[in-house]
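# pasting the sequence and the predicted coordinates here, then a few questions.
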Amino acid sequence: MRYLPLTAADRASMLGVIGAKEVDDLFVDVPRAARLAAPVDLPAHAGEIEVERSLRALAGRNTPAGDAASFLGAGAYRHFIPAAVDYLIQRGEFLTSYTPYQPEISQGTLQYLFEFQTQVAMISGMEIANASLYDGASGAAEAALMARRVTRRSGVIASGGLHPHWRDTVATHLHWSDAALTAAPADAEGREDLAAMITGDTACVIVQNPDVFGHVGDLSPLAAACQAKGALLVVCVAEVASLGLVTPPGEMGCDIFVGEGQGLGPGLNFGGPYLGLFATRERFVRQMPGRIAGETLDADGKRGWVLTLSTREQHIRREKATSNICTNSGLCALAFTIHMSLLGEEGFRRLARLNHANACRMADRLAAIKGVAVLNDAFFNEVTVRLPVAAKPLVDKLARDKVFAGVPAGRLYPGVAGMENLLISCASETTTEADIEALGRALEGALR
Amino acid sequence: MRYLPLTAADRASMLGVIGAKEVDDLFVDVPRAARLAAPVDLPAHAGEIEVERSLRALAGRNTPAGDAASFLGAGAYRHFIPAAVDYLIQRGEFLTSYTPYQPEISQGTLQYLFEFQTQVAMISGMEIANASLYDGASGAAEAALMARRVTRRSGVIASGGLHPHWRDTVATHLHWSDAALTAAPADAEGREDLAAMITGDTACVIVQNPDVFGHVGDLSPLAAACQAKGALLVVCVAEVASLGLVTPPGEMGCDIFVGEGQGLGPGLNFGGPYLGLFATRERFVRQMPGRIAGETLDADGKRGWVLTLSTREQHIRREKATSNICTNSGLCALAFTIHMSLLGEEGFRRLARLNHANACRMADRLAAIKGVAVLNDAFFNEVTVRLPVAAKPLVDKLARDKVFAGVPAGRLYPGVAGMENLLISCASETTTEADIEALGRALEGALR
Amino acid sequence: MSDSKPTGPRRASGTVDTAAVPPADGGLAGTVSGNRALAIEESLIFEQGEAGRCGVDLPEPANLKPRLGGLERKGAIGLPGLSEPEVVRHFTRLSQKNYAIDAGLFPLGSCTMKHNPRLNEKMARLPGFADLHPLQPESTVQGALALMDDLTRWLKALTGMPAIALPPAAGAQGELCGMMTIRAAHDAHGHDERRRVLVPESAHGTNPATAALCGYHVDAIPANDRGRVDVAALKAKLGPNVAALMLTNPNTCGLFEPDIIEIAKAVHDAGAYFYCDGANFNAIVGKVRPADLGIDVMHMNLHKTFSTPHGGGGPGSGPVALAASLAPYAPLPWLVSGPDGLHLQEEATGEAAASIGRLKSFHGQMGMFVRAYTYMLSHGSDGLRQVAEDAVLSANYLLAALKDTLTPAFDGPCMHECLFDDEGLRKYEVSTLDFAKALIDEGFHPTTIYFPLVVHGAMLVEPTETEPKAELDRFIAAVRGLKARLDSGGADRLRTAPHFSPRRRLDETRAARQPVLRWSPPAPRQAAE
Amino acid sequence: MSDSKPTGPRRASGTVDTAAVPPADGGLAGTVSGNRALAIEESLIFEQGEAGRCGVDLPEPANLKPRLGGLERKGAIGLPGLSEPEVVRHFTRLSQKNYAIDAGLFPLGSCTMKHNPRLNEKMARLPGFADLHPLQPESTVQGALALMDDLTRWLKALTGMPAIALPPAAGAQGELCGMMTIRAAHDAHGHDERRRVLVPESAHGTNPATAALCGYHVDAIPANDRGRVDVAALKAKLGPNVAALMLTNPNTCGLFEPDIIEIAKAVHDAGAYFYCDGANFNAIVGKVRPADLGIDVMHMNLHKTFSTPHGGGGPGSGPVALAASLAPYAPLPWLVSGPDGLHLQEEATGEAAASIGRLKSFHGQMGMFVRAYTYMLSHGSDGLRQVAEDAVLSANYLLAALKDTLTPAFDGPCMHECLFDDEGLRKYEVSTLDFAKALIDEGFHPTTIYFPLVVHGAMLVEPTETEPKAELDRFIAAVRGLKARLDSGGADRLRTAPHFSPRRRLDETRAARQPVLRWSPPAPRQAAE
Ligand SMILES: Cc1ncc(COP(=O)(O)O)c(C=O)c1O
Ligand SMILES: Cc1ncc(COP(=O)(O)O)c(C=O)c1O
């Protein structure tokens, strides 16, 4: 087997050194009855040629988004990722290293995490950030738990514009805690007023901007309301590219920022691995979950980095830890850091403008279709449209002609009234005029 | 422009240090009349998204061999290349380094070249090898020139089984030298006797094994004839995988081995870059063309490697050099070295057996078709068949159904009598039963 | 908090930075530049960037009239501008400051740092997997769902368990998933009183942290002097308010719990569930099926046993195998097969009505599934069994070869990792940390240190099955050589190690006391300057 | 010749290699292992392999009955057996012993070590290019031919020449191609008497070697004291037996030949052709078209000007631009457009009847064409012009900043590279080589040294346009710092440099005197052992 270096002779000589007769002597502690006498009933090993053939056959049964005119977003965004990003993250020194527990030989990882934290803080407008979480949704759950610790209150309010996956993830995580979630109803028009829901026991209010329907809103009034009542404002950003153009959470009074960095990091990947971004105020740092890289000096007085403030973490604090997270999204954070480095101030902002410009074009084309109404006044790269028919069958039909028209709101809100005819459609810098025209024509054709 | 780091401010400050007013002041030596006032008439710069789109559009107009049932060989062989090979050669330290002129910081390149040389010597059965040439064909030309230098004779005889591209490449290189090429007629049946052509002025005889028509032959008698007359025997191997199964040139009296390593190195690449392998006897080393890595010690007495015997080379010997070659096929040699390291003795031999086994199956299937005759008794992975019709139109027709049936001999021997109906077909470890059946059926259908 | 301070000179713009010329007697590390040949110092991107530089070329949209409701971002974000060559170089240089499996032995106990095949990476990058949007119509992702389905089949066969939950993002989330199914099951049966979870002292920190997240009270159970659960103590703690036992097996001392079947029975008899932390599954994959040991639920780390790369700290993937009794509570989405092919059940209705719900967005770590599945097909059932055998053999080989050099924590053979304590080091007044740092100089990644907590100055050594014997022998020689150095009075050399790494020992106390967690722009220079 | 001797201990099989335990006072490099943290010693693959190990899994063919005419290979080949993890680690470790552009400034004059964009690599790997067999039916490769055709269009526009020969494999083969077209043209005109080629002394070695391969006699022409061709001397040598002038422009001193138009005229008036070595095209691309200077034929190195990677010594690609007078002799194949699309004319008939024939198999370095074309589209005509300007600006910046530290070989501005001699070093009894080796310790690749030969102890410095100013400034600081070190009596430190690289200075004389050019198995051990 190509991945196993020990030969029969190696094994024999090693057993000799150990003083065992056969390998099974080393498994003495395993109850004899439970030991398998033979390999389990699964196919035997296969060479690279055969394995690649099997995998290509499976891959061939899918339609990559890039082969279609794709307007899918709703929590996962397809951006162009420069070739240098994927090249660099594949370097063995990054790819095949572990969490940087030994900083002297992990400065590469530690330095990029420090850079990542700085980038996340900058784009979100926050003071400090951690070294990543699994994804945005679980980050929102961590934020709710953190707000509980910070405020010692138990009420968590979720906006009706929060992505249902995020909302549900928060719900799951709070279910057996002593915090309680109140979720506002789905708010396709972007009209809800959460301020009225805040009470003296509210730990935090969780909102998303742009929200799951694409609406961009001013959160400052809500932040003021939170502050007045002693609650924290958690702002979620599922489309990180929006931060290049939209007023960042940190400038609207946000206390905890949670972001999904997938779009500028690992890519689509059918939903994972993704990249949780998490930032907050400096004064909350000891309640922040997840790893943090910090600056220090070495024995020669040279600058270097280490994982720090680990007394917050499970391996030190165990059941009192801020979170149970251990492995996070290191390599996705690296992809993000590299991509952000390539973009820089100018590129990041222009990328956002391009997304917005294409979305404006898309929205205009959609609005021009008879019977179709765009629900958004203010948006970034995504809008919700009301169709005269149910969205899901239409989307399925169009997919056959390689037009992925958008995400039916009904898929995110199964069984929720008023959602069936809504379609959430998204553009990006990769969207061409031809794509938009293909969408327009396909919809017109189907609605005729 | 993303690849250009200088900003306008940088440029201004650098001009300041230089003491120039504008960049054009630095171009003073360029005759004013010849200076272009504006960029030439070509498209302006483009981003990665647009460039990738253009390239994908071009690539999309080709049919990759892997998308067809492909039986193409005749000098370029499609083998499966393990994923680790392409990963490793892309490491920047290999990819973006230069010829190892500074050995202290090029030990990586130098050590793999030393390993490459050893592998080439081993598989060819020769004593020593160089660090690669452009490709097999130009290697054959170098061999002829080297034989001339070694023997101080001028006659060069090329077998009728030598790939016509190699033969023509030798001819071009000898054209203005004081050596003369005699090329035997194309020998589709593998029956020629070159011994009779050797004279007292023969510098070398160049043969190929397996030859371009797929025949495997015993070269020992020819070697004896060469030796008796003081001529050198140059053995060319276009399909390097054959050396895992076929008696190597070094065991049949070969003086200079020339190989094409493409199949186990860089891959198909529509014909280039390829990988010239070159090996010979130790006593001829000072007449060998191309770079050589050699072992030595450093100032601390540690083993290391350097480029050596460079007094043979153009940068020292100038017009008296053994060759004008400078840049060779370094990275292709690296791919080859890695691939050979993965294969090892066991894998290299088994790969060859698999190729042969699949070729036997292919040959049997072809022979079973009415009107089709296989010309080879002894072969490795490639045979020549005589069709009842012209091969080229048939091959073109079958290609439309994604069967690449083989290379029409007429493409290699345009206008040569007797070639029109011959088809050269090749199998490999990637050939499946289904491929062979597709070929058989397609030919049967077309010949019906 | 203070600002990030570069060691080297700051870039002076506009002129040649003559201030950077150090004294001729040699500056930092004896060179003018502070570099040491291939070891090149590298500043932060924020110290390199320049306005007007950009590493991407994007067209500026024509006549953009923003529709942002006035919420346009105004001030500078502060991101540095770098060209592509600078970015490639920066991250190349950073990478060169890392140790990795690709470079050498990485015997980090409990982490299973095995070879990461490049075929896995290649397959994960096929557009047919990597470029799928999670919410595409299901008809366009049937191959992806089929892969998830077949991965499930493999994991079922290897664990003997009837159900697999694929969503968890890593081991810790797998634990959370598993413990939540337990709590949901107790809830469903009205057992609200079961609020205690028994966790051995030797457990990984994620275990108690996870239990706490489920609202459970953690009750530590002691180890016996053989490094195993003290079964009597365990039994004494079992009772009507115990929800579950969380046990790692093979445990974090690298030992198999020989009484595991008895333990399982006692747990079940007490009405509790048996959670197994399967981080160490590599030791037994293909040799024993957890279901046959009486385990009710176990997470696996695809980034350990199944070779998906650790990537400097993730991403991971932590599927959970579930007994029939816990399967109804599996998290969303469920993969079900229907008349039109495979289908993702994304809501807690029907069959999935009892689900604990979502743990994250979408359907799990697909990129990791592709890699792990590629690995499984490559090894096959015969190869996976060989994996366990070779992993255990290699660990025992190290144990046997080093037992007279270091002090083994326990007697007898180990599983896939061997554990030493610091007894043998104490007389030299050298700590486990010192010894670990000395291994760095020798070209090895240190072992896991100070874990598990039940052993003083623990060194947990996990070689994995993908190390050639020659590399193990080099490691043995290095450990023995360091010991020999201690014997000949060289302790100081270890106490000050490492000496040759990109950085010497780093001051962790300083990092925590004066936290600098991000770069900040330097204060504007004085006008006088 | 002697056998390859490893520095470290040979692997002992079957037992723990206790012989590897060195004395406690520290062995090699102060460590037990000889490693220095991330700098890990690595033996040859032949010293690692083991029978029974293999890095690929191939099925054994069933019942193979060989049809090889009895020519089956018998004895062992000698290849070592290694598993994939070992191979990945071996080559990773080797790579870590290399300097590269990705790691830092690589100012190797005449080599144009610029950034190699990763987009190029990605595009070259599209199966629609990489997985094409060169002899596929032409209908199945129209996209590939179209790319070659458009690449030709770009090269024509940039050179101003009417024809491009794509086949040559590298610069030297491009030279051969070009000089052969010249000889073919003279032959066609019956000018058999033209057997001399004029080549400046400063020319790259490939120039005279190429001329000799065409059966030409090389006649060296001297440089004037401004580093340019001595036009009077050149004119004096021109005559009826001169076939061509081979001139590098910008020349190998990094200078543009200001009299080039006059030179071209003189050459043409004498009935000879003007060959230009275009290795230095990077200095003028988009600024000047060679055709406008009177050049008849010029090769370009796609691996220099057009960013295809050097790969540690290749592969390259050396297309040749041809004047109308030489175009008929272009090598095979020709790319022609016909009714069915693009077509490869592979025989010397019809239009191509006068072709010099084939220089290699198939159609040229397609993999390099894709990369170069990607680069061209990325830069566009504006970007390419900027390339030349920035390359020239950067070289002049170094020249200006270092002119008081090192001794410039000539006055006035340079083009894309600047040249220093060793005059400034001689008083310290330090050679150009010493200085170069000291730069290694500073984290820079040395400049080209001892070339061109016309300057004593030459240092030819080519920064390229892809270096940020900050890296140039670091280089300047390092050079100045080394000079300062010399001034304060530190010459010895330079004479013994490098000190920090994977190897110290290597004994080239020993390598040449006792050549060891391959590994050989060690002699079998004595029976007594
Ligand atoms: C025993 C044990 N349990 C749980 C975990 C947590 O797994 P993860 O890091 O994937 O969350 C680890 C990982 O280090 C572990 O070693
Ligand atoms: C001036 C000059 N001419 C010719 C060549 C030869 O080019 P190549 O190495 O591609 O054969 C070089 C390469 O170093 C060169 O610098």
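Now that the structure is in, tell me what you want to look at. Ligands and ions are numbered 1, 2, ... in the order given.
# elements contacting the helix ranked longest in chain C?
Identified as the longest helix of chain C according to DSSP state H is helix C:366-402. Here helix C:366-402 touches helix A:8-18, helix A:48-59, helix C:118-124, helix C:127-130, helix C:142-159, strand C:418-421, strand C:459-461, helix C:469-487, going by 3 or more CB pairs under 8 Å, 6 or more residues apart in numbering or on different chains; DSSP states H and E. The C-beta positions use only the backbone N, C-alpha and C, and glycine is treated the same way.
# ok, how many other residues are close to the nearest residue to residue C:418 once chain neighbours are set aside?
Leaving aside its sequence neighbours, residue C:418 sits nearest to residue C:399 (CB to CB, 6 or more residues apart in numbering or on different chains; 3.8 Å). Each residue near residue C:399 was counted by other CB atoms under 10 Å in any protein chain shown, and the total is 24.
# could you do residue C:341 as well?
Residue neighbour count, defined by other CB under 10 Å, stands at 13 for residue C:341.
# could you measure from residue C:256 over to residue B:430?
44 Å (CB to CB, to the nearest Å).
# and residue 216, what does it touch?
You didn't say which chain, so I picked chain A. Shown in contact with residue A:216 (CB atoms under 8 Å, 6 or more residues apart in numbering or on different chains): A:209-210, A:242, A:246, A:378-380, C:68-69, C:71.
# my question was about chain C, not that one.
Applying CB under 8 Å, 6+ apart to residue C:216 gives the contacts C:179, C:183, C:195-197, C:243-244.
# export those residues to TSV and append columns for neighbour count.
Below are these laid out as TSV (neighbours: other CB atoms under 10 Å in any protein chain shown):
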residue	neighbour count
C:179	30
C:183	26
C:195	17
C:196	20
C:197	27
C:243	26
C:244	26
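# among the helices and strands packed on helix C:366-402, which is nearest ligand 1?
With CB to the nearest ligand atom as the measure, strand C:459-461 is the member of the helices and strands packed on helix C:366-402 nearest ligand 1 (9.6 Å).
# pull the residues that contact the closest one.
Contact partners of strand C:459-461, identified using CB under 8 Å, 6+ apart, comprise C:107-110, C:252-254, C:395, C:398-399, C:406, C:417-422, C:432, C:435-436, C:447-449, C:451-452.
# got it, and stretch A:261-269?
Under the contact criterion CB under 8 Å, 6+ apart, stretch A:261-269 has outside partners A:65, A:76-79, A:81, A:120, A:132, A:135-136, A:239-241, A:273-277, A:329, A:331-333, A:335-336, A:339-340, A:343, C:129-134, C:315, C:366-367.
# that stretch: how far from the chain's middle?
From the chain centre to the centre of stretch A:261-269 is a distance of 8 Å (CA atoms, centre = their mean, to the nearest Å).
# helix or strand right after the helix or strand of chain A with the lowest mean pLDDT?
Every helix and strand in chain A was compared by mean pLDDT, DSSP states H and E; the lowest is helix A:314-317, with a mean of 86. Following helix A:314-317 in sequence order, the next helix or strand is helix A:330-367 (DSSP states H and E).
# what about the next helix or strand after that next one, near chain C?
Under the assignment DSSP H and E, the closest C-terminal helix or strand after helix A:330-367 is strand A:373-374. No - if you take CB under 8 Å from any CB of the partner chain as the test, strand A:373-374 misses chain C, and the best it gets is 10.3 Å.
# residues touching residue A:355, list them.
Residues in contact with residue A:355, defined by CB under 8 Å, 6+ apart, are A:241-242, A:245, A:380-381, A:427-429.
# all strands for the stretch 151-300 of chain C, in order.
For the stretch 151-300 of chain C, the strands defined by DSSP state E, counting those that start in this stretch occupy C:163-165, C:196-200, C:217-221, C:242-248, C:273-277, C:297-299.
# residues from the stretch 151-300 of chain C in reach of ligand 1?
Within the stretch 151-300 of chain C, the positions adjacent to ligand 1 are C:170-172, C:204, C:206, C:248, C:252, C:277, C:279 by CB under 6 Å from any ligand atom.
# what do you get if the cut-off is 8 Å, keeping everything else the same?
Listed as neighbours of ligand 1 in the stretch 151-300 of chain C under the rule CB under 8 Å from any ligand atom: C:170-175, C:203-204, C:206-207, C:248, C:252, C:277, C:279-280, C:299.
# of those, which is the nearest to ligand 1?
Using CB to the nearest ligand atom, residue C:171 comes nearest to ligand 1 of those, at 2.3 Å.
# pLDDT score assigned to the closest one?
Per-residue pLDDT puts residue C:171 at 98.
# what is the neighbour count of it?
If you count neighbours by other CB under 10 Å, residue C:171 ends up with 28.
# residues of chain A that sit close to chain D?
So chain A meets chain D at A:1-5, A:7-10, A:13, A:16-17, A:45-49, A:82-84, A:87, A:92, A:104-105 (CB under 8 Å from any CB).
# repeat that with 6 Å
With CB under 6 Å from any CB of the partner chain as the criterion, chain A comes near chain D at residues A:2-3, A:5, A:7, A:13, A:47, A:83-84, A:87, A:92.
# could you list the low-pLDDT ranges of the stretch 1-150 of chain C?
Applying pLDDT under 70 to the stretch 1-150 of chain C flags the ranges C:1-29.
# how about 90 then?
The stretch 1-150 of chain C contains residues with pLDDT under 90 at C:1-30, C:49-52, C:63.
# now swap in the stretch 301-448 of chain A and tell me
In the stretch 301-448 of chain A, residues with pLDDT under 90: A:311-320, A:448.
# close to ligand 1: what parts of it are there?
A:324-327.
# just the buried ones from those?
Buried subset of these (neighbour count, 16 or more other CB atoms under 10 Å in any protein chain shown): A:324-327.
# now render those residues as TSV, adding distance to residue A:409.
Below are those laid out as TSV (distance: CB to CB, whole Å):
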residue	distance to residue A:409
A:324	33
A:325	31
A:326	36
A:327	33
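# what's the closest of these to chain D?
The closest of those to chain D turns out to be residue A:327 (CB to the nearest CB; 21.9 Å).
# for the contacts of residue A:216, pick the one with the most neighbours.
Within the contacts of residue A:216, residue A:380 tops the neighbour count with 30 neighbours, counted by other CB under 10 Å.
# how near is that one to chain B?
19 Å (CB to the nearest CB, to the nearest Å).
# just to revisit the earlier point, quick one: which of residue C:256 and residue B:430 has more around it?
Neighbour tally, residue C:256 and residue B:430, criterion other CB under 10 Å: the higher count belongs to residue C:256, 26 against 17.
# wait, that one touches residue A:31, no?
No - at 9.0 Å, residue C:256 does not count as touching residue A:31 under the criterion of CB atoms under 6 Å.
# so what's the residue of the stretch 351-500 of chain C found nearest chain A up against?
Closest contact between the stretch 351-500 of chain C and chain A, by CB to the nearest CB, is at residue C:362 (2.9 Å). Listed by CB atoms under 6 Å, 6 or more residues apart in numbering or on different chains, the contact set of residue C:362 reads A:271, C:134.
# please, which helix or strand holds it?
According to DSSP H and E, residue C:362 maps onto no helix or strand at all.
# that one and chain D: what is the separation?
Using CB to the nearest CB, we find residue C:362 at a distance of 27 Å from chain D.
# phi, psi of that residue?
Here is the backbone geometry of residue C:362 (degrees, to the nearest 10): phi 60, psi -150.
# and of the residues of the stretch 301-448 of chain A next to ligand 1, the nearest to residue C:215?
Comparing those against residue C:215 with CB to CB places residue A:324 closest, at 13.0 Å.
# now, which of the contacts of residue C:216 sits nearest chain A?
For the contacts of residue C:216, the residue nearest chain A by CB to the nearest CB is residue C:183; the value is 5.7 Å.
# give me the residue from the stretch 251-400 of chain A nearest ligand 2.
residue A:342 (30.6 Å).
# tally up the residues packed near that residue, please.
Look at residue A:342: counted by other CB under 10 Å, it has 26 neighbours.
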